[in-house]
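Undergrad: Requesting a structural model of the entry that follows:
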Amino acid sequence: MRLRAALVYCLFAVLSLPSIAMAERETITIEKQAAPADDAQLRQRVALMRSRVDDENVQFSGTDAVDELKVLRSYVGKRQDLIDERRDILSMIGLVTSRSSVVPFEDGIDALAELMTLADSDSRPLGRQLQDRYLYAEMLGGYAKIPGNSASHALSAEQYGKAALIADRYDGYSDDQRAGVRQKQAYQLHEAKLYEQAYTLNLDVLARGEKIFGKSHPNLTTVLTNLAQNLHAMGRKQEAEPYLERVLAIAEADNDLDTVPDLLFQRGVLAYELGRKEDAKAFMLTRIERLRAAGDEAQLATAQEDYD
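TA: The predicted model follows:
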């Protein structure tokens with residue numbers, strides 16, 4: 001038996017990216033074209049693609065968009081006089097990939113990796129730079145979940161860390177969003193098995209969260225759970241227990257009937273691992289009683305299996 005895996009959710013949503021294909025939007029077609037005839041046509045097509053990508057009132061094929069952007073990227077090459085256009089093209093490939101369910105992860109990751117090599121002297125708005133760095137971290141984290149790609153967790157953590165530094169300078173982010181970026185960084189550190197680094201960073205996230213929300217706010221439950229998971233992974237199980245106690249107390253006070261049964265399970269597992277079998281049994285039975293009272297038959301069956 002073991003504690004549940006650390007959670008990825010942030011104190012608050014850090015960045016919201018709408019899907020390309022959404023209902024109630026005008027559908028446009030991005031036609032396949034040859035390479036631009038000259039630099040003026042290149043800039044015209046880059047500007048047109050940017051207007052499409054940024055327009056929330058249109059939808060289009062992500063595959064067609066990436067194909068057009070790749071044509072433009074090929075034309076630009078490594079010309080220094082077109083570096084601004086190159087940055088914008090790479091940024092758009094990353095953004096389109098992040099919104100599309102059919103464009104391969106690799107397209108966005110490769111484009112954003114190249115974009116990060118051009119970070120020096122980047123004069124684009126800070127919000128755009130932050131979005132690109134954050135998206136790169138997000139995509140690396142998603143890629144790491146695919147079997148064989150676990151090394152990307154550490155790369156994702158590195159990019160979240162760089163995004164956090166940009167967020168500190170960006171007026172468009174609030175303190176809770178800045179804490180959210182660091183919480184995601186800590187999650188990726190944990191998944192990379194860098195538990196001590198994750199724990200240290202999560203302590204910082206908790207301090208930020210307490211300053212923003214107070215010590216008993218439901219928004220703290222994720223980071224408190226993750227701190228318990230960090231300690232558990234380091235073999236410091238006894239130290240993990242107070243964090244779970246605190247999460248359960250917050251969930252009970254908030255009447256959070258989704259979180260309470262899960263925390264009773266977590267506490268039961270930890271008590272069992274610490275050799276307190278009667279406490280473990282009591283937590284598991286309480287969980288069953290709470291789910292039975294709530295009429296949650298599906299979870300009740302799972303809870304009974306866990307107890308057995």
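
Undergrad: Spell out the secondary structure type for the residue located most distally from the centre of the chain.
TA: Residue farthest from the centre of the chain, counting by C-alpha atoms, centre = their mean, is residue 37 at 40.2 Å. Classification of residue 37 by DSSP: H, G, I helix; E, B strand; the rest coil places it in coil.

Undergrad: OK, contacts around the closest residue to residue 144 other than its chain neighbours?
TA: Counting by C-beta to C-beta, 6 or more residues apart in numbering, residue 144 lies nearest to residue 152, which is 3.7 Å off, once chain neighbours are set aside. Heads up, the C-betas are built off the backbone N, CA and C, glycines and all. With contacts defined as C-beta atoms under 8 Å, 6 or more residues apart in numbering, residue 152 is in contact with 140, 141, 143, 144.

Undergrad: Compute the distance between residue 152 and residue 142, please.
TA: Applying C-beta to C-beta, to the nearest Å, the value for residue 152 to residue 142 is 9 Å.

Undergrad: same deal with residue 102?
TA: From residue 102 to residue 142 the distance is 14 Å (C-beta to C-beta).

Undergrad: So for these two, which residue has more residues nearby?
TA: Taking other C-beta atoms under 10 Å, residue 102 and residue 142 do not tie; residue 142 has more neighbours (16 against 11).

Undergrad: any chance you could map the helices in the protein?
TA: Applying DSSP state H to the chain gives helices spanning 39-54, 62-76, 83-99, 105-116, 126-144, 152-169, 175-191, 195-213, 221-233, 237-253, 259-273, 277-294, 297-307.

Undergrad: Looking at these, which is nearest to residue 29?
TA: helix 62-76 (7.4 Å; C-beta to C-beta).

Undergrad: got the CA coordinates for that closest one in PDB?
TA: Taking Å, rounded to 0.1, in the frame of the first residue of the first chain, the C-alpha atoms of helix 62-76 are listed here in PDB:
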ATOM      1  CA  GLY A  62      -4.400  22.400 -36.300                       C
ATOM      2  CA  THR A  63      -2.700  20.200 -38.900                       C
ATOM      3  CA  ASP A  64      -3.200  22.700 -41.700                       C
ATOM      4  CA  ALA A  65      -2.000  25.500 -39.500                       C
ATOM      5  CA  VAL A  66       1.200  23.700 -38.500                       C
ATOM      6  CA  ASP A  67       1.900  22.800 -42.100                       C
ATOM      7  CA  GLU A  68       1.700  26.500 -43.100                       C
ATOM      8  CA  LEU A  69       3.900  27.500 -40.200                       C
ATOM      9  CA  LYS A  70       6.500  24.900 -41.200                       C
ATOM     10  CA  VAL A  71       6.600  26.300 -44.700                       C
ATOM     11  CA  LEU A  72       7.200  29.800 -43.300                       C
ATOM     12  CA  ARG A  73       9.800  28.400 -40.800                       C
ATOM     13  CA  SER A  74      11.700  26.800 -43.700                       C
ATOM     14  CA  TYR A  75      11.800  30.000 -45.600                       C
ATOM     15  CA  VAL A  76      13.200  32.000 -42.600                       C
END
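
Undergrad: residues of that helix that come out buried?
TA: For helix 62-76, a neighbour-count test (16 or more other C-beta atoms under 10 Å) marks 62, 65, 66, 68, 69, 71, 72, 73, 75, 76 as buried.

Undergrad: Just to check, the first one is in contact with residue 103?
TA: Yes. Taking C-beta atoms under 8 Å as the contact criterion, residue 62 and residue 103 are neighbours in contact, 4.7 Å apart.
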